[in-house]
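Participant: Sharing a sequence plus its predicted fold:
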Amino acid sequence: DGGITQSPKYLFRKEGQNVTLSCEQNLNHDAMYWYRQDPGQGLRLIYYSQIVNDFQKGDIAEGYSVSREKKESFPLTVTSAQKNPTAFYLCASSISPGGYGYTFGSGTRLTVV
Amino acid sequence: SQQGEEDPQALSIQEGENATMNCSYKTSINNLQWYRQNSGRGLVHLILIRSNEREKHSGRLRVTLDTSKKSSSLLITASRAADTASYFCATDKFQGAQKLVFGQGTRLTINP
């Protein structure tokens, strides 16, 4: 079955550590997205990529980095520069940018310990 | 900044009743989409309505779009306990970067 896989489901980070969240899709979608969701809140866009080897900052990119070396993969690194990283992170993809529904992964819950 | 704003923030109704949620947005759009999120899960795409459409149906879902008022509504008819979830609208700006901007969501509770 086609879909998006996010791993791990739960992740714990120590202060000052970088951590990488995985997002893999087998839908042959061109566009991929990372969103952050805080409790009781909507989604805020971190980064997005419309094509391989290209990505753009979203509304809250500071303290995060991404890469898009393969069409199927769009990993997100939460760096030590992100001062409040505890949140629910959602990865999504769409067939192409604009005009299509997104398919979401099941999310990664990141907690700073 | 949030493009879509849902209203109400929370809604609690009895099973079998209809649920209506509203969404307002600020700029011109290409399309507007509605998503459902069960607690602690990813979002599921429900329906997409384009800026030149006024109404769309999918099963028990009915979505309307009024571009003159920059608003949309999602109606769920004959609600079921399984409809309990958060519902989000998302907009794709016209001539803007092609990415969805989500509202804060409406938390819907269906009481048995």
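Facilitator: Here it is on my side, so go on. Model, not experiment: these values are computed from the prediction. Numbers count the residues shown, from 1 in each chain, chains lettered A, B, ... in the order given.
Participant: Tell me who's in contact with A:Ala81.
Facilitator: A:Glu62, A:Gly63 (C-beta atoms under 8 Å, 6 or more residues apart in numbering or on different chains). All C-beta spots, glycine's among them, are computed from the backbone N, C-alpha and C.
Participant: Verify the assumption that it is located in a strand.
Facilitator: No: applying DSSP: H, G, I helix; E, B strand; the rest coil, one finds A:Ala81 to be coil, outside a strand.
Participant: Low-confidence ranges, chain A, go.
Facilitator: A:1 (pLDDT under 70).
Participant: For it, list the residues in contact with chain B, please.
Facilitator: A:4, A:6, A:31, A:33, A:35, A:41-45, A:48, A:50, A:56, A:58-59, A:88, A:90, A:92, A:97-107, A:109 (C-beta under 8 Å from any C-beta of the partner chain).
Participant: those strands in the chain, which residues are they?
Facilitator: Reading this off chain A. Secondary structure of chain A (DSSP state E): strands at A:4-7, A:10-13, A:19-25, A:31-37, A:43-51, A:54-57, A:64-66, A:76-78, A:87-94, A:103-104, A:108-112.
Participant: not what I meant, chain B
Facilitator: B:5-7, B:10-14, B:19-24, B:29-37, B:43-50, B:55-58, B:61-66, B:71-76, B:85-93, B:100-102, B:106-111.
Participant: could the ones you listed be laid out in CSV, adding mean pLDDT and mean neighbour count?
Facilitator: Output for these, formatted as CSV (pLDDT from 0 to 100; neighbours: other C-beta atoms under 10 Å in any protein chain shown):
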stretch, mean pLDDT, mean neighbour count
strand B:5-7, 85, 19
strand B:10-14, 96, 13
strand B:19-24, 96, 20
strand B:29-37, 94, 23
strand B:43-50, 96, 18
strand B:55-58, 97, 12
strand B:61-66, 98, 18
strand B:71-76, 97, 20
strand B:85-93, 92, 24
strand B:100-102, 90, 25
strand B:106-111, 96, 18
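Participant: Those: which one's closest to A:Thr79?
Facilitator: Closest to A:Thr79 of the strands of chain B is strand B:100-102 (C-beta to C-beta; 24.1 Å).
Participant: Just checking: what are the partner strands of that closest one?
Facilitator: Applying DSSP bridges to the sheet, strand B:100-102 is found paired with strand B:85-93 (antiparallel).
Participant: quick one: the partner strand to strand A:87-94, angle?
Facilitator: 50 degrees (axes from the mean of the first three to the mean of the last three C-alpha atoms, to 10 degrees).
Participant: what's next to strand B:85-93, contact-wise?
Facilitator: Contacting residues not belonging to strand B:85-93 are listed as A:42-43, A:98-99, B:3-4, B:6, B:21, B:23, B:25, B:27-39, B:43, B:46, B:72, B:74, B:98-108 [C-beta under 8 Å, 6+ apart].
Participant: Just list the residues touching the nearest residue to B:Ser71 once chain neighbours are set aside, thanks.
Facilitator: Using C-beta to C-beta, 6 or more residues apart in numbering or on different chains and skipping the chain neighbours, the partner closest in space to B:Ser71 is B:Ser24 (4.8 Å). Contacts here follow C-beta under 8 Å, 6+ apart; on that basis B:Ser24 touches B:Gly4, B:Glu5, B:Asp7, B:Lys69, B:Lys70, B:Ser71.
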